[in-house]
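A.B. asks: Fold the following and give me the result.
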Amino acid sequence: QVQLVESGGGLVQPGGSLRLSCVASGFTFSGFALSWYRQAPGKARELVATITSAGSITSYADSMKGRFTISRDNAKNTVYLQMNSLKPEDTAMYYCNARATARYDYWGQGTQVTVSS
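C.D. replies: A predicted model of the protein is given here:
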């Protein structure tokens, strides 16, 4: 049974930091590219960051560059998203995605991040 379980969300003040984690099970984690997406109320889901299966290449949406860092630990079947200098506009539900092909494309249930004073 494939599972992606996110954690680490919460309420943080502007300028603060959070570290999201996503623990995977039920598939060969090291063979999948991993991404974080987010969706704010009334908005479309957007890609935040991606890391390749070996962890050698990362990419970010322009608004996250320099503030967010994606990483993975294949030994722990875990992907992380370190978020610094958080802004109110970063408030959203954050989702973990694992993808190898269009057929093997898995999603977690999400973790809520709220940036507010």
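A.B. asks: count of neighbours near residue 48?
C.D. replies: By the criterion of other CB atoms under 10 Å, residue 48 has 24 neighbours. All C-beta atoms are positioned from the backbone trio N, CA, C, and that covers glycine.
A.B. asks: what do you get for the one 3 residues further on?
C.D. replies: Residue 51 is surrounded by 22 other residues when neighbours are defined as other CB under 10 Å.
A.B. asks: Any idea what it is bridged to?
C.D. replies: residue 34, residue 58 (DSSP bridges).
A.B. asks: hang on, it packs against residue 68?
C.D. replies: No. Contact criterion CB atoms under 8 Å: residue 51 and residue 68 do not qualify, at 11.5 Å.
A.B. asks: ok, now which ones touch the residue nearest the centre of the chain?
C.D. replies: Taking CA atoms, centre = their mean as the criterion, residue 36 is the residue nearest the geometric centre of the chain, at 2.8 Å. Contact criterion CB atoms under 8 Å, 6 or more residues apart in numbering gives 20, 22, 47-49, 70, 79, 81, 94-97 as the residues in contact with residue 36.
A.B. asks: any idea which helix or strand carries it?
C.D. replies: strand 33-39 (DSSP states H and E).
A.B. asks: Got phi/psi on residue 8?
C.D. replies: Here is the backbone geometry of residue 8 (degrees, to the nearest 10): phi 100, psi -10.
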